[in-house]
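**Q** Please work out how this folds:
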Amino acid sequence: MKTLKSETAFTHVEVLMALAIGGMLVTGMFQLYLFSASGALVQNETVQMQADARAAMDLIAQDLRQLYGSATVSTTLTPNDTLSFTRLEDSGYSSGGNSAFSLNDTRKFWATNAFAPSSAGTYVAQIVGGAGMGQTNAISGNTGSQLSLSTGWGTLPDATSLYIITRSKTLTRTADNTLRSITAGGSSLLLAANIMSLSFAQPDPNSITIDVTARTSVQDPRTQRFVYYS
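**A** Model prediction:
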């Protein structure tokens, strides 16, 4: 014959203690999750900021590899934060048969109006050798082998004339802490945001150094500080 015994339930104190311990465990796990999520956010921000800064430097380097003549360092917001230069776009010898408002080069196969004024800027034709040397003229448009000019030549170029096509560009940091590339007669191109300092220097006629400091767009929630990259 079996003897049945009554089962005892948890007391109120035991239930409250279990709930308290469970709450502490859940709170700890949630805090660990927040800490991990904050770390991932800052890490992603840092990686993106560094990638943007490096991409901007790559674009600047590409432009400066095509620098024609010398660059000028000046100040917009902070000392030496602006670099102005002329970018070489194309060159060649005229094939002759030019008019007062045109320059021919039958060896070229340009896209139609590739050098017409646009958001990319204003292009300029300059004679750097031969007949008409020293003359500069803004380009108003082009065909595959002929440049149309905004004003007439003083001395007509001929088949001895060596010409170049250039654009003037400026690199600078603006008041909203962005690094921008500005073309003469064109638009302002955003290269990178959250640029806290920018400085150009010319240690010698053949080199240009750039010092730049970028910053994340948000603070690290754990330290309440921004992350910087130079």
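**Q** make it CA atoms for all contacts and neighbour counts henceforth
**A** OK.
**Q** ok, now how distant is residue 87 from residue 216?
**A** For residue 87, the distance to residue 216 equals 31 Å [Cα to Cα, to the nearest Å].
**Q** Pretty sure residue 141 sits against residue 117.
**A** Yes: taking Cα atoms under 8 Å as the definition, residue 141 is a contact partner of residue 117 at 7.4 Å.
**Q** And the strands in the chain?
**A** For the chain, the strands defined by DSSP state E occupy 67-74, 82-93, 102-104, 124-129, 136-142, 146-149, 162-173, 179-183, 188-192, 195-204, 207-215, 228-229.
**Q** Now tell me what touches the shortest one from outside.
**A** Taking contacts as Cα atoms under 8 Å, 6 or more residues apart in numbering, the residues outside strand 228-229 that touch it are 49, 50, 213, 214, 215, 216.
**Q** Kindly report the same for the third one.
**A** Strand 102-104 is touched from outside by 94, 95, 96, 97, 98, 145, 146, 147, 148, 149, 152, 157, with contacts defined as Cα under 8 Å, 6+ apart.
**Q** What pairs with it, parallel or antiparallel?
**A** Paired neighbours of strand 102-104 in the sheet (DSSP bridges): strand 146-149 (antiparallel).
**Q** quick check: mean pLDDT across the partner strand?
**A** Average pLDDT, strand 146-149: 98.
**Q** how distant is it from the center of its chain?
**A** Centroid separation for strand 146-149 versus its chain: 31 Å, with Cα atoms, centre = their mean, to the nearest Å.
**Q** do the same with stretch 96-115
**A** On Cα atoms, centre = their mean, the centre of stretch 96-115 falls 32 Å from that of its chain.
**Q** One more: stretch 51-59?
**A** Per Cα atoms, centre = their mean, the centroid offset for stretch 51-59 relative to its chain is 6 Å.
**Q** Equivalent analysis for stretch 134-144, please.
**A** Distance of stretch 134-144 from its chain centroid, counting by Cα atoms, centre = their mean, is 28 Å.
**Q** buried set for that stretch?
**A** Residues of stretch 134-144 classed as buried: 135, 136, 137, 138, 139, 140, 141, 142, 143, 144 (neighbour count, 16 or more other Cα atoms under 10 Å).
**Q** wouldn't the first one be in contact with residue 124 here?
**A** No: contact between residue 135 and residue 124 fails when scored by Cα under 8 Å: they sit 10.4 Å apart.
**Q** Quick check: which ranges of this protein have low pLDDT?
**A** Across the chain, the ranges flagged by pLDDT under 70 are 1-41.
**Q** what about the residue nearest to residue 50 when sequence neighbours are not counted, how many residues close to it?
**A** Leaving aside its sequence neighbours, residue 50 sits nearest to residue 229 (Cα to Cα, 6 or more residues apart in numbering; 6.7 Å). Neighbourhood size, residue 229 [other Cα atoms under 10 Å]: 14.
**Q** shift numbering so it begins at 258
**A** Sure thing, new numbering starts at 258, so read that last one as residue 486.
**Q** show me the contacts for the residue nearest the centre of the chain.
**A** Residue closest to the mean C-alpha point of the chain, counted by Cα atoms, centre = their mean, is residue 448 at 1.9 Å. By Cα under 8 Å, 6+ apart, the contact list for residue 448 reads 309, 312, 313, 435, 436, 437, 438.
**Q** Perfect, that will be all.
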